[in-house]
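*Asks:* Would you be able to build a 3D model of this:
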Amino acid sequence: MSSVLPVAGAAFDLRSFNTLALPSQASGLRVLTTESEVDQAHAECLPHAAMHVLGGGSNVVLAPHIDAEIWHMAMRGIHLLDATPTHWLVQAAAGERWHHLVQHCVAAGWGGLENLALIPGTVGAAPVQNIGAYGVELAEFVDEVRAFDRRAGQWCTLAAPDCGFAYRDSVFKREPGRWVISSVVLRLPRQWQARLGYPDLGTWPEWQQHAPTPAGVFEAVCAIRRRKLPDPALLPNAGSFFKNPVVPAAVFDANRSRLQAAPHWPQADGGIKLAAGWLIEACGWKGRRLGPVGMHERHALVLVNHGGATGNDVRLLARAVQAEVRQQFGVWLEAEPVWLGFD
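*Replies:* Prediction:
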């Protein structure tokens, strides 16, 4: 039976369910550990009743009050489904910590995910955001996603093309409240190749003495992330807060005098991807605070809660950063996290 935590005088506080440590009161909370409990929750919940699925809470901004029920996915399990001549097929339950899955795969000799090490959050949330880091995106490895479709009232299995993956995006993110992911199957290649395109990773000192291995890349990524990014357990944050914007070539050319110094990468569709962190730092926001929140002193792309912040404080800072980047560079930054409970 699912654990249902109802309202008792006051709504349930979700402060411990999000890495920004924002206080937020929801109408109720269900902790779901099996697919049958999802079935039960759906049967007990009105078809169009407001609900939100929450995993590790590492990529969300919670409003102070959420007039909806929260479904927290707590399913566990990692299994090798098949070992073909070319791939390993690995299934992981939605409630597994993403980093634990990467550790598990690397220890078992199944390479591919090591560039995605130490990304906070759960397996179930990973395809929603199509997580990525150091030149690798989750979409490259997804074989299928099992999810409950609340609109149709039934379980289904979505092959990778049906997930609508894009840069930090998916059909799951574009249709909030519809999908409840229970597990993900990943296809990991036996013919492993190191992905060392990012400078910090490509120039890692270890490669001067030893050829890269999945375990070696895993350790390097963990060390680089720990050096650059704050630990949410010590300084609450949601990781990179803004997407790297992709602008049409015409927009880049129109603002070339201001943007030519920014790191930028031509895209296959003719657009130009810009480094959001550079734009934010150029506007003077690195290490700068607005009330109890601010952009981190070592990484301008990371928004942090210095203590006592609410979702409204986060929204004010995000808007201030967006407005200044737009004013100085003519570029609009899109926030990565999902905003829950906001108008």
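*Asks:* could you point out which element follows the lengthiest strand in the chain?
*Replies:* For the chain, the longest strand by residue count, based on DSSP state E, is strand 179-189. Heading C-terminal from strand 179-189, the first helix or strand you meet, by DSSP states H and E, is helix 199-202.
*Asks:* Show me what that following helix is packed up against.
*Replies:* Other helices and strands packing on helix 199-202, by 3 or more Cβ pairs under 8 Å, 6 or more residues apart in numbering; DSSP states H and E, are helix 214-228. All C-beta spots, glycine's among them, are computed from the backbone N, C-alpha and C.
*Asks:* Just checking: what are the partner strands of the helix or strand just after the helix it packs on?
*Replies:* Per DSSP H and E, the first helix or strand lying C-terminal to helix 214-228 is strand 237-240. If you go by DSSP bridges, strand 237-240 pairs up with strand 302-305 (antiparallel).
*Asks:* Can you give the contact residues for the next helix or strand after the partner strand?
*Replies:* Sequence order places helix 311-329 as the next helix or strand after strand 302-305, per DSSP H and E. Residues outside helix 311-329 that contact it (Cβ atoms under 8 Å, 6 or more residues apart in numbering): 20, 22, 24, 61-64, 241-242, 255, 258-259, 262, 279-280, 282-283, 285, 290-295, 303, 305, 331-333, 335, 339, 341-342.
*Asks:* what's the answer for stretch 231-238, then?
*Replies:* The contact list for stretch 231-238 (Cβ under 8 Å, 6+ apart) reads 18-22, 58-61, 120, 229-230, 239, 296, 302-306, 336-337.
*Asks:* List only buried entries from those.
*Replies:* 18-22, 58-61, 120, 229-230, 239, 296, 302-305, 336-337 (16 or more other Cβ atoms under 10 Å).
*Asks:* Can you show me the helices along this protein?
*Replies:* 35-44, 98-108, 126-129, 171-174, 199-202, 214-228, 249-254, 256-259, 276-282, 311-329 (DSSP state H).
*Asks:* Show me which of those has the highest average neighbour count.
*Replies:* By mean neighbour count, with neighbours taken as mean count of other Cβ atoms under 10 Å, helix 126-129 ranks first of those at a mean of 26.
*Asks:* Distance from the chain centre to it, please.
*Replies:* 6 Å (Cα atoms, centre = their mean, to the nearest Å).
*Asks:* Of all the helices of the chain, which one is nearest residue 140?
*Replies:* Among the helices of the chain, the nearest to residue 140 by Cβ to Cβ is helix 126-129 (11.8 Å).
*Asks:* which helices and strands sit right next to that closest one?
*Replies:* On a contact count with 3+ Cβ pairs under 8 Å, 6+ apart, helix 126-129 meets helix 171-174, strand 179-189.
*Asks:* would JSON lines of those with mean pLDDT and distance to residue 71 be doable?
*Replies:* As requested, the helices and strands packed on helix 126-129 are exported to JSON lines (pLDDT from 0 to 100; distance: least, Cβ to Cβ, whole Å):
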{"stretch": "helix 171-174", "mean pLDDT": "95", "distance to residue 71": "14"}
{"stretch": "strand 179-189", "mean pLDDT": "98", "distance to residue 71": "7"}
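*Asks:* Pull the residues that contact stretch 213-230.
*Replies:* Residues from elsewhere that reach stretch 213-230, judged by Cβ under 8 Å, 6+ apart: 102-103, 106-107, 109-112, 114-118, 133-134, 192, 194-196, 200-201, 204, 206-207, 210, 237, 239, 296, 298-299, 302, 304.
*Asks:* Apply 7 Å and report the result again.
*Replies:* 102, 106, 111, 114-115, 117-118, 134, 192, 194, 200-201, 204, 206, 210, 237, 296, 298-299, 302, 304 (Cβ atoms under 7 Å, 6 or more residues apart in numbering).
*Asks:* Then stretch 192-200?
*Replies:* 111, 112, 115, 134, 135, 136, 202, 212, 214, 217, 224.
*Asks:* which residues touch the fourth one?
*Replies:* Right, the one you point to is residue 134. Residues near residue 134 by Cβ under 7 Å, 6+ apart: 115, 195, 198, 201, 221.
*Asks:* While we're on it, how confident is the model there?
*Replies:* According to the prediction, residue 134 has pLDDT 93.
*Asks:* List the contacts of residue 17.
*Replies:* For residue 17, the contact set (Cβ under 7 Å, 6+ apart) comprises 54, 57, 72.
*Asks:* that older thread, mind listing the strands the longest strand of the chain pairs with, and their directions?
*Replies:* For strand 179-189, the pairing partners within the sheet under DSSP bridges are strand 87-93 (antiparallel), strand 142-149 (antiparallel).
*Asks:* Tabulate the CA atom coordinates of the first one in CSV.
*Replies:* What it means is strand 87-93. Output in CSV follows, covering the C-alpha atoms of strand 87-93 (Å, rounded to 0.1, in the frame of the first residue of the first chain):
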residue,chain,number,x,y,z
HIS,A,87,25.3,-3.8,-25.8
TRP,A,88,24.3,-4.2,-22.2
LEU,A,89,20.6,-3.5,-21.4
VAL,A,90,20.2,-2.2,-17.9
GLN,A,91,16.9,-1.4,-16.2
ALA,A,92,16.8,1.0,-13.2
ALA,A,93,13.8,1.9,-11.1
